[in-house]
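1. structure of the sequence below:
(one chain, ligands or ions: 2)
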Amino acid sequence: MTTPRPETLAKLTPVLTKRWLSPDAWRIGTYEQLDGYAALRKAIKAHPDDLIQLIKDSGLRGRGGAGFPTGLKWGFIPQGDGKPHYLVVNADEGEPGTCKDLPLMTHDPHALIEGVIIASYAIRANRAYIYIRGEAVHAARRLRNAVQEAYDKGYLGRNILRSGYDLELVVHSGAGAYICGEETALLDSLEGFRGQPRLRPPFPATHGLYASPTVVNNVGTIASVPPIVLGGADWWKSMGTEKSSGPMIYSLSGRIVNPGQYECSMGVTLRELLELAGGMQLGHNLRFWTPGGSSTPLLAAEHLDVPLDFEGVAAAGSILGTTATQIFSDQDCPVYATYRWLEFYHHESCGKCTPCREGNYWMVRVYRRILAGQGTHEDLDTLLDTCDNILGRSFCGLGDGATSSVTSSLQYFKQDYLDYIEGRTAPKLSEKTLVGAH
Ligand SMILES: Cc1cc2nc3c(=O)[nH]c(=O)nc-3n(C[C@H](O)[C@H](O)[C@H](O)COP(=O)(O)O)c2cc1C
Ligand code: SF4
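-> Ligands and ions are numbered 1, 2, ... in the order given. Here you go, the predicted structure:
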């Protein structure tokens, strides 16, 4: 185990996580003692357009994976259109390895609720929803209790803080499907339909929930709003990098001493995060990792010093995604890891479009063949060809994301594939898994 040096410890910037270790952090009393609802009191006196401008000025980008500028998204909501507006918080958190939104809602649910109220006020919405993953029963219970506390204190409901502004907030549990994290599938699911992505355009900004103007934002995005209102855009921009401002919760898992959530200014490197997390486990050396969940191309040990912001990770050939940093060692097999992720994408594919539905089905079978010691050199071309037919040809990002670990593992670890095919690595799967594989 390594002990972090003071200069590395200084990389920690607890903003969203700052209350997590306080006793009863999830209760409204604790929250109010620690700055809670002070941002709302300030925001509710401001003009909604000024709040949108503040978020634009802060450079806040979505924490749900794509990094879309939040203020810009809010600004797309047409005003004076006579239609109801909605804010929908995406709390589905289904990306493998991602673990930042559920801990936030469990430890500090009022941070999200306060952000919801300010964001809804800014976009002139009188109804908001938090769509939470169905399996996250504990987090949903905490959130529902916190929502009730906020109603009881007059932060939600009619005439909030005597401002004349009304907001109803509903916590909605999904049934547990990865595709329901995709924002348009989420909206269909919220409306009671089967969760499948919608054709765009029109975009949710004009035709979202119940065909009305809707902002869909991630939990981390919305929870960032109160600190920005309190601290100001310049303070927010003093953390992070020029185009990726603010702090970010990096969830670290895998072969490290202390897995968990580490909130640092954007642009921190994996080398620094590893130091904060106590280093690699004894006897393990870093071999490959995901910078932002399993939908993002794998990186290797040579990428330890890549700045983990939107631009830095893109320049290294991957995607920052959800900052779910999964760390694998020289005792882990990139072929097997990729196979397990593909099983997930195959299972979670909603079936709406052919490239993703069929492509993932066949790729799983090719992987089983390779891992059972019956693969051929042509199988590697088949995998790349299949990815080529999924990437950019799928109806939504699930299909694209499924190809990431396949192409990147073939780029960095082709020898591992060849070792199975040429018999140097013992098969990991038995022939029984090959039923229907040929
Ligand atoms: C298959 C798939 C799953 C997704 N899952 C999530 C999720 O669990 N949570 C989330 O916030 N965004 C998820 N997204 C991204 C959303 O579609 C959307 O971009 C995001 O909620 C926007 O919020 P933001 O601008 O605050 O990042 C997913 C996208 C895809 C394609
Ligand atoms: S890419 Fe996959 S999940 Fe997305 S619409 Fe097509 S089949 Fe459904």
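2. make it CA atoms for all contacts and neighbour counts henceforth
-> Fine.
3. which other helices and strands does the helix or strand bottoming out on mean pLDDT in the chain contact?
-> Counting by mean pLDDT, DSSP states H and E, the chain has its least confident helix or strand at helix 6-9, which shows a mean of 90. If you count contacts as 3 or more CA pairs under 8 Å, 6 or more residues apart in numbering; DSSP states H and E, helix 6-9 packs onto helix 270-276.
4. the next helix or strand after the helix it packs on pairs with which strands, and in what direction?
-> Using DSSP states H and E, the helix or strand that directly follows helix 270-276 along the chain is strand 286-290. The strands that strand 286-290 pairs with in its sheet are strand 299-300 (antiparallel), strand 324-329 (antiparallel) (by DSSP bridges).
5. what residues does strand 286-290 touch?
-> Contacts of strand 286-290 from elsewhere in the structure, counted by CA atoms under 8 Å, 6 or more residues apart in numbering, are 280, 296-301, 324-330, 334.
6. swap in 10 Å and give it another go.
-> Among residues not part of strand 286-290, those counted as contacts by CA atoms under 10 Å, 6 or more residues apart in numbering are 97, 252-256, 270, 279-280, 296-304, 318-321, 323-334, 405, 409, 412-413.
7. just the ones of the residues you listed in helices?
-> Of those, the ones assigned to helices by DSSP state H are 270, 334, 405, 409, 412.
8. is residue 329 in contact with residue 337, as I believe?
-> No. Here residue 329 does not reach residue 337: they are 11.4 Å apart, not a contact under CA atoms under 10 Å.
9. what does the stretch 251-400 of the chain put close to ligand 2?
-> Residues of the stretch 251-400 of the chain lying close to ligand 2 by CA under 6 Å from any ligand atom are 349-353, 356-357, 394-399.
10. these also near ligand 1: which ones?
-> With the criterion set as CA under 6 Å from any ligand atom, the members of these near ligand 1 are 396-398.
11. turn those into TSV, columns for secondary structure and neighbour count.
-> As requested, those are arranged in TSV below (DSSP: H, G, I helix; E, B strand; the rest coil; neighbours: other CA atoms under 10 Å):
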residue	secondary structure	neighbour count
396	coil	21
397	helix	16
398	helix	22
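12. ok, those vs ligand 2, which is closest?
-> Among these, residue 396 lies closest to ligand 2 (CA to the nearest ligand atom), at 4.0 Å.
13. circling back: the more surrounded of residue 329 and residue 337?
-> Remark: of residue 329 and residue 337, residue 329 carries more neighbours, 20 against 16, as counted by other CA atoms under 10 Å.
14. specify the beta-bridge partners of the more buried one.
-> According to DSSP bridges, the residues that bridge with residue 329 are residue 286.
15. and it, how far from residue 401?
-> Computed as CA to CA, to the nearest Å, the residue 329 to residue 401 distance reads 22 Å.
16. cool, residue 356 as well?
-> With CA to CA as the criterion, residue 356 and residue 401 are 10 Å apart.
17. which one of these two is surrounded by more residues?
-> More neighbours surround residue 356 than the other of residue 356 and residue 401, with 31 against 20 (other CA under 10 Å).
18. how about the strand or helix carrying that one as PDB, C-alpha atoms only?
-> When elements are assigned from DSSP H and E, residue 356 belongs to helix 354-371. Taking only C-alpha atoms (Å, rounded to 0.1, in the frame of the first residue of the first chain), the coordinates of helix 354-371 have been written out as PDB:
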ATOM      1  CA  THR A 354     -30.400  -4.700 -36.300                       C
ATOM      2  CA  PRO A 355     -26.600  -3.800 -35.900                       C
ATOM      3  CA  CYS A 356     -26.700  -3.900 -32.100                       C
ATOM      4  CA  ARG A 357     -29.200  -6.700 -31.700                       C
ATOM      5  CA  GLU A 358     -27.600  -9.100 -34.100                       C
ATOM      6  CA  GLY A 359     -24.000  -7.900 -33.900                       C
ATOM      7  CA  ASN A 360     -23.700  -8.300 -30.100                       C
ATOM      8  CA  TYR A 361     -25.400 -11.700 -30.400                       C
ATOM      9  CA  TRP A 362     -22.800 -12.900 -32.900                       C
ATOM     10  CA  MET A 363     -19.800 -11.300 -31.200                       C
ATOM     11  CA  VAL A 364     -20.600 -13.100 -27.900                       C
ATOM     12  CA  ARG A 365     -20.500 -16.400 -29.800                       C
ATOM     13  CA  VAL A 366     -17.200 -15.600 -31.500                       C
ATOM     14  CA  TYR A 367     -15.700 -14.800 -28.100                       C
ATOM     15  CA  ARG A 368     -17.000 -18.000 -26.600                       C
ATOM     16  CA  ARG A 369     -15.300 -19.900 -29.400                       C
ATOM     17  CA  ILE A 370     -12.000 -18.100 -28.900                       C
ATOM     18  CA  LEU A 371     -12.100 -18.600 -25.100                       C
END
